[in-house]
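1. Structure here, sequence nowhere to be found:
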C-alpha cells in the first residue's frame, strides 16, 4: 500500500467548533434528517469513487498517546480515514471536494497525504 499513487485521507473536525455546536443545537428530528441525508451522500461518494478506494477505513474512536512518559488519554480532531489511489496528489484531493463530511455533517476538513514507501524497504 505504499506506492506513489496511494493516499491517506483523514477526516477532521473539532468537537468544540461553532459548526459542531450548531449541529448539536438542531432539533433532534432535523439532525436525524440531516444524518440520513449525509449518509446517503456519503454512500453516493463511495459508489462514485469505488474504483479508487483501497481501504474504506472508517470512524476513529478515542485516542491514547504513548510516549516516554507512559500512556495517556488525549483528544484530537481526527474522526475517520480512507485510503485511495489516484494519479496524483491533486487528483486525490479533488476526490474530496464538497465531501459530505463538511458539506452536510459538521466536519471541518479532509486532509490528503501520500503514503510513502518505507525507506530501505
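-> Received it, and whenever you're ready, just let me know what you need. Because the structure is a prediction, the values reported are computed rather than measured.
2. Check what pLDDT residue 96 gets.
-> For residue 96, the pLDDT comes out at 98.
3. Just list what the longest helix seen in the chain packs against, helices and strands only.
-> In terms of residue count, the longest helix belonging to the chain (DSSP state H) is helix 28-48. When contacts are defined as 3 or more CB pairs under 8 Å, 6 or more residues apart in numbering; DSSP states H and E, helix 28-48 packs onto helix 18-25, helix 100-103. (Each C-beta comes from the backbone N, C-alpha and C, glycine too.)
4. quick one: which of these is nearest residue 8?
-> Smallest distance to residue 8 across the helices and strands packed on helix 28-48 (CB to CB): 14.7 Å, for helix 100-103.
5. Name all residues that make contact with residue 5.
-> By CB atoms under 8 Å, 6 or more residues apart in numbering, the contact set of residue 5 is 85-87.
6. please redo it, this time with the cut-off set to 10 Å
-> Residues near residue 5 by CB atoms under 10 Å, 6 or more residues apart in numbering: 52, 54, 84-89, 91-92, 114-115.
7. Could you check how far it is from residue 94?
-> Per CB to CB, to the nearest Å, residue 5 is found 14 Å from residue 94.
8. before we move on, the earlier item: now, which of the contacts of residue 5 lie within strands?
-> Judged by DSSP state E, the contacts of residue 5 include 54, 84-85, 114 as members of strands.
9. Residue 28: which of those residues is nearest?
-> After measuring those against residue 28 - CB to CB - the closest member comes out as residue 84, at 33.8 Å.
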